[in-house]
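pasted the sequence and its predicted model underneath.
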There are 2 protein chains.
Amino acid sequence: MTAFAELMAHQRRTEALAAVAGRLGWDQETVMPRGAAEERAEEMAAMEAVLHARRTDPRIPEWLAAAEAPDVEGARALALIAHAHRRAAAVPERLATELAQVTSLAQGVWAEARAAEDVARFLPLLTRVVALRREEGQAMAAAGVGGGDAYDALIDGYEPGARAAEIAAMFARMRPRLVALRAAVLGKPAPRALTGQFPTDGQMRLAREVAGAFGYDWTRGRLDLSVHPFTSGSGSDVRITTRVAEDDPFNCLYSTIHEVGHALYEQGVAARMTFTPLGGGVSMGVHESQSRICENQIGRGMAFSVWLHARMQALFGDYGLAGPEALHAAVNRVHPGFIRTEADEVQYNLHIMLRFDLERALFSGALEVADLEEAWNTRFAADFGVPVTRPSQGLLQDVHWSAGLFGYFPTYTLGNVYAGCLNRAMRADLPDLDAHLAAGAAQVPVAWLAEKIHRHGALFPPAELITRACGAAPDETALLEDLEAKFGALYDL
Amino acid sequence: MTAFAELMAHQRRTEALAAVAGRLGWDQETVMPRGAAEERAEEMAAMEAVLHARRTDPRIPEWLAAAEAPDVEGARALALIAHAHRRAAAVPERLATELAQVTSLAQGVWAEARAAEDVARFLPLLTRVVALRREEGQAMAAAGVGGGDAYDALIDGYEPGARAAEIAAMFARMRPRLVALRAAVLGKPAPRALTGQFPTDGQMRLAREVAGAFGYDWTRGRLDLSVHPFTSGSGSDVRITTRVAEDDPFNCLYSTIHEVGHALYEQGVAARMTFTPLGGGVSMGVHESQSRICENQIGRGMAFSVWLHARMQALFGDYGLAGPEALHAAVNRVHPGFIRTEADEVQYNLHIMLRFDLERALFSGALEVADLEEAWNTRFAADFGVPVTRPSQGLLQDVHWSAGLFGYFPTYTLGNVYAGCLNRAMRADLPDLDAHLAAGAAQVPVAWLAEKIHRHGALFPPAELITRACGAAPDETALLEDLEAKFGALYDL
């Protein structure tokens, strides 16, 4: 065997084991008995130790030095392995294992603390998670990852090549226009909201229908319930979860479409890339662009509302909104709210900026975990004009920090920005798109995304992939212009 | 760290990883999308390679040579690790990995072949499984496992210390009495059978109630559906599955009680033994004794029928049987049937003897896989008096062989024999047992089993454990006498 073949065989088994760890994560969030949390944490730590040992195998740099890539995909695989090795080798096994164990435990404690509205129960573990992630970021930064900055090294794990300073600059350009749009919209009367009770059975049927309309492949996936909706897996086993509130069917509906967007990306990666470094989405930002374009540009568009209104009527009868226009207005209703995942397109990115700024302060040392709740609540009141009265509306609303996902939040807004660019290019390529969407054929835009994005897996770096798809480098202009146009029309600005 | 501590730390992580592999197995049989079979096989193979490498780690014999056990449990742990190492070290990694991959694939193909009634679709993979398991048995036998015999080496993996020749001798003592009892019973009129339709919802409610009556801990487990009911996991995550046929509620009911019996054993092992070699049932035979005593000696007894009749009435109204006596007769109805897992106590062990004799012939070379279906059908007609007309009634009825479980079937009858011994001892210790059972308090006998069996985990070898619990070495007499007494009374022999 050549060095290249040996390295790829080693990597293939590592990828298969990483998929196993992913399945465990799915299990933990959906079906695991609650008494199993401690043993599961030990199991996750054991898997992490195995993966870390494989990812830091001393033969990897030797193979890398000797390997000759047979083609473009092979060359990209080598580059990705080298990058991942640089990151992993910088982190001692003790730290990697402890992080796996502590974050596994912390997710259970977060769920309990959230249910009990008890921040104090969560803070000791969160303090531990932040300390461990800071240590990890510093170790990787010392090895040159993220340009030598600890927080950038964490961001790099989700969005390779992205830097906090550039993100902050983009956020600074976006923020005034979003703030102005928010103020203008909230100065107008709100459209009619949906009220009433929508049985769980009907909501889950709609979720399944909608997933099918987007082309989600049920032979390679499944839909379950979890506290926080998520997508898990790649290749032939890409599972999604959703949640149901009987008084708010849009929560289940758009959570499902969002996760379907993620899942379609993973299901759409070329099969030959399975269990290689190319066999999944290239970055969290590009991933989020796929979920967002499905959820917002397609799912919350006027054309799709025509089909959706008919399905709502079929499942729920006279459900309280008179027609597609009223549905379109209701699903795009802008109102003050606490929960990021339920936020409208106007305010969503303001939630992200809040978290991003808090994270930067935590990692620069300007903010301590003990003061995080107060900092959150102060910033929230300033940005959104309403006080947080319960921790589940504030600091405890997201699972992310319990899972150690620092540096992850900004990729949500990067995803929105990419989605804005892709939507422009897609509409230019598909002039009759709205006719398809009005008939429920969401597979049509998904086929465009599959061709431009999904099938490539991790072959191209994020910015290059978006540039190839759109014919121009990604930039926030399209997103902001489209938001101003859409909400300008909806709110008669 | 001492050699003992180092070895136990190594073992602990191995046990945690083995638990992960077990979770994957549960996932595959219950929730996995059907398109994921091939990738899952590769994931299972990757896990098996990791486990095999850990179990054959060259440091293990060094640690074993230097380790000093601090106590009795430590000494037993060392003995179990040494035995497992002898088994694992005899098997090349290539073979262990291939077995994991082929059996993972074969289970999917078995399910398809069974649904399609198509033996030919299954035979190529079964041939491969038999060849690999034969190779594995020979490799272990060459290292002295199983007294040097390949099939005994496989049996030893499920029932340490058991030998095919001894089992055959015991089966030879049992067979004439079971054949005579079967003939006598089938010469009498059958009691009234249960007919009608029993909705899935009600059956699942009953399954949950019954599991609760036996003391199954829902905070450390869950109940799902699968083609073949099974129990998975140990410690704080012990999951059971069942199946539902709307025209036969006893199938779901007794499958559930059976799996609950297995699960109670795993849930009842002392918590300090978790992730040690002692942290689970000591053998498949002892495991089966726990499921069987719950299913048969308790669950199909007259006293428990009093409670069960009331629950059937509460859930299904006038369900077709007039009282506890009629229910007791119906759940113990002896009738010709094809399916082992649905067989009554009189005929069950005859199914096992069929499979045991076919396996011995396959492994001695007297029988080829190509001729297995004909051999099965010929033997079945001879033993049970009816011809097999569909493969799902015959060769394709059990998942076991697709999973490579050769040498496993005889442990079912060993379990019945142990259950017969334990039932005698338990009734001597608990004179008011039937009063508890008539009130549905199946936790009472389970507490006796927990004290005598469950809490010890794998601390004592199977025969010693049964001898300690019963005050005498295990022997088939109690089982046979009790069967003759029970069915003699039911059938007025």
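Structure's in. What do you need?

so which bits of the stretch 101-250 of chain A are right by chain B?
Neighbours of chain B within the stretch 101-250 of chain A, by C-beta under 8 Å from any C-beta of the partner chain: A:Asp217, A:Trp218, A:Thr219, A:Arg220, A:Gly221, A:Arg222, A:Gly235, A:Ser236, A:Asp237, A:Arg239. Using the backbone N, CA and C atoms, a C-beta is placed for each residue, glycine as well.

filter the residues you listed to the buried ones?
For those, a neighbour count by 16 or more other C-beta atoms under 10 Å in any protein chain shown gives the buried set as A:Asp217, A:Arg220, A:Gly221, A:Arg222, A:Gly235, A:Ser236, A:Asp237, A:Arg239.

quick check, nearest of those to B:Ala69?
A:Asp237 (43.0 Å; C-beta to C-beta).

on the C-terminal side of the helix or strand A:Ala207 falls within, identify the next helix or strand.
Assigned by DSSP states H and E, A:Ala207 falls within helix A:200-213. Going down the chain from helix A:200-213, the next helix or strand is strand A:223-225, by DSSP H and E.

buried ones in that next one, by neighbour count?
Buried-residue list, strand A:223-225, by 16+ other C-beta under 10 Å: A:Leu223.

what's the answer for stretch A:353-366, then?
Within stretch A:353-366, the residues scored as buried using 16+ other C-beta under 10 Å are A:Met353, A:Leu354, A:Arg355, A:Phe356, A:Asp357, A:Leu358, A:Glu359, A:Arg360, A:Ala361, A:Leu362, A:Phe363.

what sits against the most centrally placed residue in chain A?
The geometric centre of chain A, computed from its C-alpha atoms, lies nearest to A:Glu288 (C-alpha atoms, centre = their mean), at 4.9 Å. By C-beta atoms under 8 Å, 6 or more residues apart in numbering or on different chains, the contact list for A:Glu288 reads A:His262, A:Thr411, A:Tyr412, A:Leu414, A:Gly415, A:Asn416, A:Tyr418, A:Ala419.

how about the buried ones among the residues of the stretch 101-250 of chain A next to chain B, which pair is most distant?
A:Arg222 and A:Gly235 (14.3 Å).

which of the buried residues of stretch A:353-366 fall in strands?
Within the buried residues of stretch A:353-366, no residue falls in strands by DSSP state E.

adding distance to B:Arg243, write those out as JSON lines.
Formatted as JSON lines, these follow (distance: C-beta to C-beta, whole Å):
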{"residue": "A:Met353", "distance to B:Arg243": "52"}
{"residue": "A:Leu354", "distance to B:Arg243": "50"}
{"residue": "A:Arg355", "distance to B:Arg243": "47"}
{"residue": "A:Phe356", "distance to B:Arg243": "50"}
{"residue": "A:Asp357", "distance to B:Arg243": "54"}
{"residue": "A:Leu358", "distance to B:Arg243": "50"}
{"residue": "A:Glu359", "distance to B:Arg243": "49"}
{"residue": "A:Arg360", "distance to B:Arg243": "54"}
{"residue": "A:Ala361", "distance to B:Arg243": "55"}
{"residue": "A:Leu362", "distance to B:Arg243": "51"}
{"residue": "A:Phe363", "distance to B:Arg243": "52"}
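
same for chain B: which of these are within range?
Okay, of these, nothing touches chain B (C-beta under 8 Å from any C-beta).

could you measure the residue lying closest to A:Gly394 once chain neighbours are set aside against A:Ile339, distance?
Leaving out its chain neighbours, the residue that sits closest to A:Gly394 by C-beta to C-beta, 6 or more residues apart in numbering or on different chains is A:Val388, at 3.9 Å. Noted for A:Val388: a distance of 11 Å to A:Ile339, by C-beta to C-beta, to the nearest Å.

if you count surrounding residues, which of these two has more?
When neighbours are counted by other C-beta atoms under 10 Å in any protein chain shown, A:Val388 comes out ahead of the other of A:Val388 and A:Ile339, with 19 against 13.

which residues touch the more buried one?
A:Phe338, A:Trp376, A:Asn377, A:Phe380, A:Ala381, A:Gly394.

quick one: which of the buried residues of stretch A:353-366 sit in helices?
A:Met353, A:Leu354, A:Arg355, A:Phe356, A:Asp357, A:Leu358, A:Glu359, A:Arg360, A:Ala361, A:Leu362, A:Phe363 (DSSP state H).
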